[in-house]
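[1] from the sequence below, what's the structure:
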Amino acid sequence: MFPLYFSLFDGVPPVEVVAYRILWSLVFCLILIALTRSWSRVVEVIRTPRQLALLVFAALAISVNWTTYVYSVSTNQVVEAALGYFINPLMTVALGVVVLRERLASSQWLAVGVAAVGVVIIGVGEGAAPWIGLTLAISFGLYGLLKKMAGVEAIPSLTVETAVLAPLAGVVLAFLEVQGSASIVSQGWGLGVLLALLGPVTAVPLLAYAAAANRLPLALLGIVQYTTPTVIFLLGITVFGDSVNPVEWVGFALIWTGLAVFSWAALRRPSRVDELEIAEPT
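    All right, here's what the predicted structure looks like:
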């Protein structure tokens, strides 16, 4: 349901929304760290060069993802955002094969190929490459991969990631303030409350995902996650009035077919690829 929430920020530059999202997410995470008394784990991550480096790159990847997502909503390109999150599980699998040397069954390779053809067809239908969808898929796929390689728990991980990005977010907001274009000044406290709620709005789904990952088989969890881009797609063609031409419908049908084949193969043939963490879309 994120598109409905982010649509409340119409007229606010995406980079400003993301800057506030970073800062308020950090505040929310620090509160959780204090409540759970997990400061020692955060310090441990900071003192571990490999984990810290991986989370720094993860932070950069998620900042690209967030900015692109907010931009897609603010410009009424919600369907293309849905495309990105339909592709994301398969992108994550591809990264697992290339980077982590995961193995796929022949049916899963077929599924990835069918989905890739669907992306190409959508690009043909649009007359250009679907950059928003591809950027979302690649950035979040990299984010999930880096998080898996880091192996840090959800709350300390998100705390470090947002802390890394906080100085940049502060510079962005300071620049907007100096330029006199800060939206919170012109639109008042109501907007300020909505921006502050970006903290829990961002963190709670990520923490819920971490809890679910400990309780459900990842193959099942991956299938459940397809509800996210499905809802985004439906919101795009109904609430936001996005149009989908016949060629694009064919492309989406191929992507859905690829996802169905891949999910069926994953449930019937548990393998190492099922252990690949697919991060929850944000």
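[2] please count neighbours and contacts with C-alpha atoms only from this point.
    Noted.
[3] buried set for stretch 160-173?
    Val160, Glu161, Thr162, Ala163, Val164, Leu165, Ala166, Ala169, Val172, Leu173 (16 or more other Cα atoms under 10 Å).
[4] need the contact list for the third one.
    For Thr162, the contact set (Cα atoms under 8 Å, 6 or more residues apart in numbering) comprises Ile22, Leu23, Ser25, Leu26, Ala59.
[5] try the fifth one
    Shown in contact with Val164 (Cα under 8 Å, 6+ apart): Val56, Ala59.
[6] list the buried ones in stretch 41-60?
    41-42, 45-46, 51-52, 54-60.
[7] looking at the contacts of Thr162, which are in helices?
    Ile22, Leu23, Ser25, Leu26, Ala59 (DSSP state H).
[8] from these, which single one is nearest Arg215?
    Using Cα to Cα, Ser25 is the member of the ones in helices among the contacts of Thr162 that sits closest to Arg215, with 25.1 Å.
[9] can you give me the neighbour number for that closest one?
    Ser25 is flanked by 27 other residues according to other Cα atoms under 10 Å.
[10] again, but for Ser40
    11.
[11] quick one: the helices in the stretch 1-150 of the chain, in order.
    2-6, 14-36, 39-46, 49-74, 78-99, 106-126, 131-150 (DSSP state H, counting those that start in this stretch).
[12] what angle do the fourth one and helix 78-99 make?
    Orientation of helix 49-74 against helix 78-99 (axes from the mean of the first three to the mean of the last three Cα atoms, to 10 degrees) gives an angle of 160 degrees.
[13] tilt between helix 49-74 and helix 131-150?
    Here the directions of helix 49-74 and helix 131-150 differ by 160 degrees (the same axes, to 10 degrees).
[14] tell me which of the helices of the stretch 1-150 of the chain lies nearest to Val193.
    Taking Cα to Cα, helix 14-36 is the member of these nearest to Val193, at 10.7 Å.
[15] the closest one - what's its average pLDDT?
    Averaged over helix 14-36, pLDDT sits at 92.
[16] buried residues in it, which are they?
    Under 16+ other Cα under 10 Å, the buried positions of helix 14-36 are 14-30, 33.
[17] which residues are in contact with it?
    With Cα under 8 Å, 6+ apart as the criterion, helix 14-36 contacts 9, 39, 63, 66-67, 70-71, 74, 155-156, 158-159, 162-163, 165-166, 168-170, 172-173, 182, 195-200, 202-203.
[18] from the residues you listed, list the buried ones, please.
    Applying 16+ other Cα under 10 Å to the contacts of helix 14-36 flags 9, 63, 66-67, 70-71, 74, 155-156, 158-159, 162-163, 165-166, 169, 172-173, 182, 195-200, 202-203 as buried.
[19] could you pull up phi and psi at Arg103?
    phi -110, psi 140 (degrees, to the nearest 10).
[20] burial count for it?
    So Arg103, with other Cα under 10 Å, has 17 neighbours.
[21] and it, what pLDDT?
    The per-residue pLDDT reported for Arg103 equals 75.
[22] check the gap between it and Val97 for me.
    6 Å (Cα to Cα, to the nearest Å).
[23] and what of Thr75?
    Taking Cα to Cα, one finds Thr75 at 34 Å from Val97.
[24] do the same with Thr257
    21 Å.
[25] flag the shaky bits of this protein, pLDDT-wise.
    128, 181-182, 184-188, 210, 213-214, 216-223, 266-267, 269-282 (pLDDT under 70).
[26] quick one on the thing from earlier: can you add secondary structure and distance to Ser107 and give the buried residues of stretch 160-173 back as JSON lines?
    Output for the buried residues of stretch 160-173, formatted as JSON lines (DSSP: H, G, I helix; E, B strand; the rest coil; distance: Cα to Cα, whole Å):
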{"residue": "Val160", "secondary structure": "helix", "distance to Ser107": "39"}
{"residue": "Glu161", "secondary structure": "helix", "distance to Ser107": "36"}
{"residue": "Thr162", "secondary structure": "helix", "distance to Ser107": "39"}
{"residue": "Ala163", "secondary structure": "helix", "distance to Ser107": "42"}
{"residue": "Val164", "secondary structure": "helix", "distance to Ser107": "40"}
{"residue": "Leu165", "secondary structure": "helix", "distance to Ser107": "40"}
{"residue": "Ala166", "secondary structure": "helix", "distance to Ser107": "43"}
{"residue": "Ala169", "secondary structure": "helix", "distance to Ser107": "44"}
{"residue": "Val172", "secondary structure": "helix", "distance to Ser107": "47"}
{"residue": "Leu173", "secondary structure": "helix", "distance to Ser107": "49"}
